[in-house]
Structures are given as structure tokens and as C-alpha cells.
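> Can you look at this prediction? I've put the sequence above it.
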Amino acid sequence: MNCRKEDMVLYAITDRHWLNGESLYQQVEKALQGGVTFLQLREKNLDKELFMKEAREIKELCRKYKVPFIINDNVEIAKAIDADGVHVGQSDMEAGDVRKRLGADKIIGVSAKTVEQALLAEKHGADYLGVGAVFSTSTKTDATGVSHETLRDICQAIKIPVVAIGGITKDNVNELSGYGADGIAVISAIFAQENITEAAKDLKQRSMQMVSSNGK
């Protein structure tokens, strides 16, 4: 396993919807200053050259803060810029194939909605799982819900870390207490906020309380 459970406490996923004149780099640095423990660069519409440039710059920024840096979906770019790893969905490349492309020491995250998907991802070499959407979300309109009971069942079924994702805000984090997640993955709860650093600090504290309620 190439990542630690404590890396999952506050997992931030980038989104350029809320740049408001800032660069993504500036916003990521604010999030890191607030205590983000893991960063996923998510770009759906950037051309390859710009994506590569941005990924290299943000990788170095994460290295400065000693935070794992992974790319969403794009195994080719993750390999090209030597990112710490990649996160893939159920419709993307299977974890075992990603492992062959990236090597034994890279972090591979996989999205899962069922115990069966979770067990298969673990078997194929995933280092952690993203489970959700645990609440309704506006960021991914196609995301179907995962009950808190299913989240708990997944956490009990596997040994690798689990991060809960989907519609999580500072106001509902505590509703995940007792269901076993090792942390939360958020987008708008950090990047859509007026003060990104303070939002991250607050969320990290709440997530740590949630994790400790799970006996972790």
C-alpha cells in the first residue's frame, strides 16, 4: 500500500469553476496552507500541453507541503510528469492495468459504490477507495448515491483506506461519524469558499473528529 490512512483525512479535488481571477496554483496553495492532506488534480477540458504544465507546477507545490499529488483519470499524464499516482473510476482503466503502466510504487485510487467493486479494486492492487456520492452533489451530476450503511459495509470489508466523497460540507461531515471512513474528499467545500485556507482548516478539524469517532 503506497498511501497512509492519515493521508485521507482531508482530500481535496481541484476545480477551476471558482477561480475568480486567481490561478489554480494560487488556490491549491491556499488549500495546502489550510491543511489539505491529499490532492487530486482534476481537469476535464484542458488541452494536453496546458494540463502537463499545470500538473508539473502543482506537483512541485505539493512536494513542498509533503502532500501526495495524484491525477484524476489520466494515466498517461500521471506517468509523464511522475505524479505520485492516479485515481480512476469504474468506467476507466482497471486498477491492475494502471499498476502495470505506472509501477509498484505509485498510488492508485479507485471509485467504488458497492462492496463487490471495493473488494475487486483491492484485489487488483488499489491503494485506497473513493466511496460515494454519500450526499447529493452538484459537482458530478451523474453521481449516484451510496448509503451510509453501504459506506460502512465497504469500510468493514477491506483493509485499504476509504475516503468518503460527494456533497460533503462542513455542516454534514459529522453525519458520517461511525461509518468507518478514513477521511473526506471535497471540491466546492474548499474551492468555492471565500477563504479557502480557513475553509480547509475548519474541514480538517471536523474530518479528524469524524475519523476519531470511527475509532481510528
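Looks like it came in fine.

> Please make it C-alpha for all contacts and neighbour counts, starting now.
Noted.

> how about stretch 157-166: buried residues?
I158, I160, P161, V162, V163, A164, I165, G166 (16 or more other Cα atoms under 10 Å).

> Secondary structure and distance to E43 added to those residues, as CSV?
Formatted as CSV, the buried residues of stretch 157-166 follow (DSSP: H, G, I helix; E, B strand; the rest coil; distance: Cα to Cα, whole Å):
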residue, secondary structure, distance to E43
I158, coil, 29
I160, coil, 26
P161, coil, 24
V162, strand, 23
V163, strand, 20
A164, strand, 20
I165, strand, 18
G166, coil, 17
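
> In those residues, find the pair that's most separated.
Farthest-apart pair in the buried residues of stretch 157-166 is I158 and G166; separation 20.4 Å (Cα to Cα).

> gap between S188 and A12?
As defined by Cα to Cα, to the nearest Å, S188 lies at a distance of 9 Å from A12.

> again with I190
Distance from I190 to A12, by Cα to Cα: 8 Å.

> Now for G103, how many residues are close by?
Neighbour count for G103, taken as other Cα atoms under 10 Å: 12.

> That one and D84: what is the separation?
11 Å.

> and what of Q26?
Applying Cα to Cα, the value for Q26 to D84 is 20 Å.

> still on that earlier bit, who has more neighbours, S188 and A12?
Between S188 and A12, A12 has the larger neighbour count (other Cα under 10 Å), namely 26 against 20.

> doesn't R42 make contact with the more buried one?
No - counting by Cα atoms under 8 Å, R42 is not a contact partner of A12; they are 10.0 Å apart.
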